[in-house]
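In: have a look; sequence and predicted model below, questions after that.
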Amino acid sequence: MSQFVNQLIGGIVIGISSSMMLYFLGRITGISGICANILNLKFKDNDWRIFFILGLILGGFFMKYFNPSYFNFEIKGSAFQMIFAGLLVGFGTRLGSGCTSGRGVCGIPRLSKRSIIATLIFMFSGIVTVTLMRLI
């Protein structure tokens, strides 16, 4: 039960944070876009992007320090599989013009048809991939 409550609180915090980002900065909280634009040196307003990513990383360390049980899991793939999977995800986010955070967390609440369809495709692809990987 406490795990459900933790997940619920986490979801609420993500929703409030992405709403604040849209309201105060007029920006969509799409992690792939934020990361990609940090690498684009033409942007002069990269400060908020850098602090956003640092906050994600530091938040992970903070959680690991205060509740290490959240990190008790085993990755059952080789380094090659993880790198290949990461490249596929990166390709998919470029192909879909966004990731699940931007599409799912920010696009669906705005009733964006494009985001709804993209998120359904992301989820379907993930389900099919996991199913096939477990069968192989």
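Out: Looks like it arrived, so ask away.
In: where are the low-confidence patches of this structure?
Out: In the prediction, the chain carries residues with pLDDT under 70 at positions 1, 43.
In: pick out the residue closest to the middle of this protein.
Out: Note on the chain: the residue nearest the mean C-alpha position is residue 101, at 4.5 Å, using Cα atoms, centre = their mean.
In: helix, strand or coil for that one?
Out: The three-state label given to residue 101 by DSSP: H, G, I helix; E, B strand; the rest coil is helix.
In: show me the contacts for it.
Out: With Cβ atoms under 8 Å, 6 or more residues apart in numbering as the criterion, the residues that contact residue 101 are 18, 29-32. Where you see a C-beta, it was placed from the backbone N, CA and C, and this is true even at glycine.
In: neighbour-wise, which one of those residues leads?
Out: Comparing these by number of neighbours (other Cβ atoms under 10 Å), residue 30 comes first, having 24 neighbours.
In: let me know the helix or strand that residue 50 is in.
Out: Assigning secondary structure by DSSP states H and E places residue 50 in helix 47-66.
In: which of the residues in whichever helix or strand comes after that helix are buried?
Out: Sequence-wise, the next helix or strand downstream of helix 47-66 (DSSP H and E) is helix 79-95. Within helix 79-95, the residues scored as buried using 16 or more other Cβ atoms under 10 Å are 92-93.
In: helices and strands around helix 79-95, which ones?
Out: Counting contacts by 3 or more Cβ pairs under 8 Å, 6 or more residues apart in numbering; DSSP states H and E, helix 79-95 is packed against helix 31-39.
In: hmm, who's touching the helix it packs on?
Out: Helix 31-39 is contacted from outside by 43, 46, 49-50, 52-53, 56, 90, 93-94, 98-99, 101-102, using Cβ under 8 Å, 6+ apart.
In: derive a PyMOL selection command for the buried subset of these.
Out: The buried residues among the contacts of helix 31-39 can be selected in PyMOL (16+ other Cβ under 10 Å) with this line:
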select buried, resi 49+52+93+98+99+101+102
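In: distance to residue 127 for the contacts of helix 31-39 - can I get that in a markdown table?
Out: Listed next are the contacts of helix 31-39 as a markdown table, based on distance: Cβ to Cβ, whole Å:
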| residue | distance to residue 127 |
| --- | --- |
| 43 | 35 |
| 46 | 36 |
| 49 | 31 |
| 50 | 34 |
| 52 | 29 |
| 53 | 28 |
| 56 | 26 |
| 90 | 20 |
| 93 | 18 |
| 94 | 22 |
| 98 | 19 |
| 99 | 17 |
| 101 | 18 |
| 102 | 20 |
